[in-house]
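Colleague: sequence unknown, structure follows:
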């Protein structure tokens, strides 16, 4: 249905209707803008809420329970949901808000052009009608004058008193007026015909074309508005699967809460290790052997407890005197100091309850073992690098590593001493002797057979057997030091120091491969210690860059050598991969 044929006489109303359509688009644009602001504000408030309820540093220990981990997992999923609301706002802004603004601007320009064209057509028709009106009035005027001239001639011709000349004069005037009337009549007829043609073209061709353009503009506005609403729904529907996944993550976080595991963790964390107090013996004051009467030490007949409780009257005793006991009562006072070292914490954690003391000592030993493994790996790397520098001085100065290796050896010695000390603390806490303590006692009993010992670094150890001397590298988990007697036979009191690293961090790789790498650029070897690689070639890392700009790699065919560190993307096992956003698993 066309506006040009059905609404041929509603030019003003059509103009008002299209203007209302444009105003509605502006209203929809404001709606989308405000909704985006609400989505962003909602997302910001959700993220702020999650941030405010993140555990503080002092609360990290409490967040080891499954219920706390579940809560943290739920907050992480809520943070992701907030991010999806930000995506909704961003997509609505780019795909709906800006497009709607462009549509409004385009429609305003098109409507202005159509209305200007319609106004010109209307003006042309008005001028044509005005010309017709003037021609008609001129024709009516000359017609009346011709009528009057004819009447005057008739009266003069009938009047016998007028001369022939006067009659002829009136006749000539009548004829002139008749000619003028006929001329204006013809002009009026031509003007009328032209006006009718212009009017017919106006209402059947020119104005319908303008109305058709306005109709197409309005229909395009409606279709675009339909697309905008559909796009809004599509944008929101696009994040629903992710939001649903986040909700499933919340459910998984709830399902991960384990009551029995939390209860066990409470026991492991707060168990003191004290034995349950034995029954309090009855003090018979009438007995001659009573501790009160004889002044003897009653502690010989009663169990001894370490610790104190608040002095108060104990129910169930005859005398009502307060007794100084610990055991079960000492649990609560000892548990207050379990969060780490306090001002009164001793080096061997002997101020803690037995279980907590062993727990802290084991944690300290594990940390020391990890540090030793790290320092040992660093020393091995420096040794390899020093050998490379010695073979190829162009790559670096080997003497520059001597000081670092010396410092590394001192650090290893200190760490081994610390480890031995804390293993002794742990052995004492568990009520046993370490092998080193047993050896010390054995050496004291065989002091007459001892020989001079040799002090050696943890880096270079030499084992001498008779007249043969061999040098071997020190393993990371065992240190053996042997000396020979003057007669060339092995002494029975050889000193052995052992440090176990069973719990070394999993990131330490015994195979020598520290990670993987991909060559960013081709590199051609210019020295015997370097290796040629092609672009995008997969490599294994066997030694890190020690601040000299070179990394030692191994090719898939087994070739091994140095390449510039900047020529490759290096991913070390167990470390965060920047390129992929994941942790690189160990081999």
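Modeller: Structure's in. What do you need? Given the structure is predicted, the values throughout are model-derived calculations rather than measurements.

Colleague: in stretch 418-432, what counts as buried?
Modeller: 418, 419, 420, 422, 423, 424, 425, 426, 427, 428, 429 (16 or more other C-beta atoms under 10 Å). Where you see a C-beta, it was placed from the backbone N, CA and C, and this is true even at glycine.

Colleague: ok, those residues vs residue 281, which is closest?
Modeller: Residue 281 has its nearest neighbour among the buried residues of stretch 418-432 in residue 429, at 29.8 Å by C-beta to C-beta.

Colleague: how far is the one helix or strand the closest one maps to from where the chain is centred?
Modeller: Assessed by DSSP states H and E, residue 429 sits inside helix 402-430. In terms of C-alpha atoms, centre = their mean, to the nearest Å, the centre of helix 402-430 is found 40 Å from the chain centre.

Colleague: and what of stretch 200-214?
Modeller: Distance, stretch centre to chain centre, for stretch 200-214: 60 Å (C-alpha atoms, centre = their mean).

Colleague: swap in stretch 202-217?
Modeller: How far stretch 202-217 lies from its chain's middle: 56 Å, per C-alpha atoms, centre = their mean.

Colleague: Now residue 212: closest residue in space that isn't a chain neighbour?
Modeller: residue 4 (5.2 Å; C-beta to C-beta, 6 or more residues apart in numbering).

Colleague: Look up how far residue 117 lies from the one you found.
Modeller: Residue 4 sits 13 Å away from residue 117, taking C-beta to C-beta, to the nearest Å as the criterion.

Colleague: ok, the two, which is more surrounded?
Modeller: In this view residue 4 and residue 117 are compared by other C-beta atoms under 10 Å, and residue 4 has more residues nearby, 20 against 15.

Colleague: so what pLDDT did the residue nearest to residue 212 get?
Modeller: What the model reports as pLDDT for residue 4 is 73.

Colleague: related to what we said a few turns ago, and the average pLDDT for the helix holding residue 429 is what?
Modeller: Computed over helix 402-430, the average pLDDT equals 87.

Colleague: list the helices and strands that helix packs on?
Modeller: Helix 402-430 makes packing contacts with helix 354-391, helix 435-445 when contacts are defined by 3 or more C-beta pairs under 8 Å, 6 or more residues apart in numbering; DSSP states H and E.

Colleague: now it against helix 354-391, angle please.
Modeller: 160 degrees (axes from the mean of the first three to the mean of the last three C-alpha atoms, to 10 degrees).

Colleague: on that earlier part again, who touches both of residue 4 and residue 117?
Modeller: Counting by C-beta atoms under 8 Å, 6 or more residues apart in numbering, the common neighbours of residue 4 and residue 117 are residue 210.

Colleague: In contact with residue 174, which residues are there?
Modeller: 146, 149, 150, 152, 153.

Colleague: which SS class is it?
Modeller: Classification of residue 174 using DSSP: H, G, I helix; E, B strand; the rest coil returns helix.

Colleague: Show me how far the helix or strand encompassing residue 90 is from its chain's centre.
Modeller: Element membership for residue 90, per DSSP H and E: helix 66-92. Taking C-alpha atoms, centre = their mean, one finds helix 66-92 lying 10 Å from the centre of the chain it belongs to.

Colleague: Which elements pack onto the helix or strand just after that helix?
Modeller: The helix or strand immediately downstream of helix 66-92 is helix 98-158, counting by DSSP H and E. Contacts defined by 3+ C-beta pairs under 8 Å, 6+ apart place helix 98-158 against helix 11-52, helix 164-201, helix 207-255.

Colleague: now helix 98-158: mean pLDDT?
Modeller: 90.

Colleague: quick one, it and helix 207-255 angle?
Modeller: Angle, helix 98-158 to helix 207-255, by the same axes, to 10 degrees: 160 degrees.

Colleague: Quick check: phi and psi on residue 538?
Modeller: Dihedral pair for residue 538: phi -80, psi 140, per degrees, to the nearest 10.
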